[in-house]
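Peer 1: Got a sequence here, can you build the structure:
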Amino acid sequence: MKLIFFDIDGTLITDDGRRLFPEDAKEAIKAARAAGNLVFINTGRVRCNVEAFITDPGFDGLVCGCGTYIEYRGEVIHHRRMSKEDCHRIAHLCRDCRMQAFFEYAYGSFYDGEMDLPYILPLVRYMEGSGRTIGKDIDAEEFVFDKFSGWFDQSSDVDRFKKGIEGIFTYIDRGPDFFEVEPVGYSKASGIDYLLRYFHISKEDVYVFGDGNNDLEMMQFAGHSIAMGNGNANAKAAAEYVTSDIEDGGIRQGLQHFQLI
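Peer 2: Alright, predicted model coming up:
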């Protein structure tokens, strides 16, 4: 039995706004499970933001929120929760440093309604349009998060922000103005490590598919790593094998290369 992990955005679905999940990729995932492998999603998204159309092909479980939440066959087997005190303090740090943060919890999402958020509001409108409720009061009793991501601009004090989260969160650079933050000690790789111990499986039996900087840790950790042809240069450099693009049969080609289907 092998464990196979797939990132979502840019790996399973296109990240160009169409959010296309190729039918060939779905069928390849079904074939990998039919061959006796355990197949997981491994994503920076929190659980409530993994839509049904993504899980429809069938997965054995999910690693969400950069390893903070793990689900296996419908059962939550791990959930690392932040203290409310830390959540409130860091949310106010984001406000003070003008970091446009979108706070994500396994069962809900929040943003700071007191800030001007040109990058965040289109995402909020999209999510609310799909029926999800987004909280906007960072001082509310129910405000909590597992991890967060967001944007910054020339007015942001990024250095002060990074210093303020040291020891609690790890900062990941996702592009020229986009960042992701995960709890220290937690990552896509830590989620895989948890499942290795859970199933008593060796790293050599682990295969991961990714496309970007937030996939690097799991690609370097796993026994075998596959970068999508549409992935960035860092992901391709870290990979054992570079498959074709997401819309050009990349998932199937990668699985076939390692004889997983």
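Peer 1: so how far is G164 from the residue most central in space within the chain?
Peer 2: In the chain, the residue lying closest to the centroid (Cα atoms, centre = their mean) is G44, at 1.5 Å. Between G44 and G164 the computed distance is 21 Å (Cβ to Cβ, to the nearest Å). Using the backbone N, CA and C atoms, a C-beta is placed for each residue, glycine as well.
Peer 1: and the residue nearest to the centre of the chain, what are its phi and psi?
Peer 2: phi -80, psi -20 (degrees, to the nearest 10).
Peer 1: thinking it is in contact with E180, fair?
Peer 2: Yes. Between G44 and E180 there is a contact under Cβ atoms under 8 Å: 5.9 Å.
Peer 1: which residues are in contact with both of those two?
Peer 2: Shared contacts of G44 and E180, defined by Cβ atoms under 8 Å, 6 or more residues apart in numbering, are found at 66, 147, 149, 214.
Peer 1: Tally up the residues packed near the closest residue to M228 other than its chain neighbours, please.
Peer 2: Spatial nearest neighbour of M228, excluding adjacent residues (Cβ to Cβ, 6 or more residues apart in numbering): D211 at 4.3 Å. D211: 28 surrounding residues under other Cβ atoms under 10 Å.
Peer 1: ok, D211 - contacts?
Peer 2: 7, 9-11, 227-228, 230-232, 235, 246.
Peer 1: rewinding a little: among the shared contacts of G44 and E180, who's most crowded?
Peer 2: Neighbour max across the shared contacts of G44 and E180 (other Cβ under 10 Å) = C66, 31 neighbours.
Peer 1: for that one, helix, strand, or coil?
Peer 2: coil (DSSP: H, G, I helix; E, B strand; the rest coil).
Peer 1: Which residues are in contact with it?
Peer 2: 44, 147, 180, 182-183, 186-188, 191, 214.
Peer 1: What residues are bridge-paired with V63?
Peer 2: Beta-bridge pairing for V63 (DSSP bridges): N42, I70.
Peer 1: ok, it touching L196?
Peer 2: No. Using Cβ under 8 Å, V63 makes no contact with L196, being 11.7 Å away.
Peer 1: Neighbour count for these two, which is higher?
Peer 2: V63 (27 against 18).
Peer 1: roughly how far apart are that one and L195?
Peer 2: 7 Å.
Peer 1: shared neighbours, the two?
Peer 2: Contacts common to V63 and L195, judged by Cβ under 8 Å, 6+ apart, are 40, 70.
Peer 1: just so I have it, where are all the helices in the stretch 101-250 of the chain?
Peer 2: Here the stretch 101-250 of the chain has its helices, by DSSP state H, counting those that start in this stretch, at 120-129, 158-165, 188-199, 216-221, 233-238, 250-257.
Peer 1: Tabulate those in a markdown table, adding columns for distance to Y107 and mean pLDDT.
Peer 2: Shown next, in a markdown table, are these (distance: least, Cβ to Cβ, whole Å; pLDDT from 0 to 100):
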| stretch | distance to Y107 | mean pLDDT |
| --- | --- | --- |
| helix 120-129 | 14 | 89 |
| helix 158-165 | 23 | 97 |
| helix 188-199 | 18 | 97 |
| helix 216-221 | 24 | 96 |
| helix 233-238 | 30 | 97 |
| helix 250-257 | 29 | 98 |
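Peer 1: Alright, I will stop here.
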